[in-house]
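1. this one's structure only:
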């Protein structure tokens, strides 16, 4: 039987927060703290915002909506989700989302395996902005985190 990883140390217990591109990310559990199996974070997304269309080569993402409404695109499917709803965005499938509510939207995000949750802090540390730094961000996302940027988000 595999040994469980140690619990987070006191200095890492609770959320570690980073803001990048107007979105607040509260990192709840890192890959290092879970033996690589999972990363967990909450994000707070301003109205009208969302990432470029992209796909993850390494991890599946699960969104659990805490507050607000989000439009999701995954493959050829589009749907809206609100508080209490959960969606799976599988690895290898192009996807994105946008906050379609009037106020900030919040979601709990679980990625498995973990690691992707660190990308926002690295992008913030490097001062990367989109769309201005799209080439540098695409390099970081692809090389270090296995995320391929595919283009702008849908407009509908």
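-> Yes, it's here. Source: prediction; values computed, not measured.
2. and residue 73, which of the three is it?
-> Three-state assignment for residue 73 (DSSP: H, G, I helix; E, B strand; the rest coil): strand.
3. wait, doesn't it sit right on residue 95?
-> Yes. Under the criterion of Cβ atoms under 8 Å, residue 73 is in contact with residue 95, at a separation of 6.0 Å. Any C-beta I mention is one placed from the backbone N, CA and C, and that applies to glycine too.
4. and these two? which has more neighbours close in?
-> Taking neighbours as other Cβ atoms under 10 Å, residue 73 and residue 95 compare with residue 95 leading, 23 against 19.
5. Need phi/psi at that one.
-> According to degrees, to the nearest 10, the main-chain angles of residue 95 amount to phi -160, psi 170.
6. Excluding chain neighbours, give the residue nearest to residue 85 in space.
-> With sequence-adjacent residues excluded and distances taken as Cβ to Cβ, 6 or more residues apart in numbering, residue 85 is closest to residue 65, at 5.2 Å.
7. Identify each buried residue in the longest helix seen in the chain, please.
-> Secondary structure of the chain read by DSSP state H shows that its longest helix is helix 134-145. Taking 16 or more other Cβ atoms under 10 Å as the basis for neighbour counts, the residues of helix 134-145 that come out buried are 137-138, 140-141, 145.
8. what helices or strands is it leaning on?
-> helix 119-125, strand 147-151 (3 or more Cβ pairs under 8 Å, 6 or more residues apart in numbering; DSSP states H and E).
9. Noted, bye for now.
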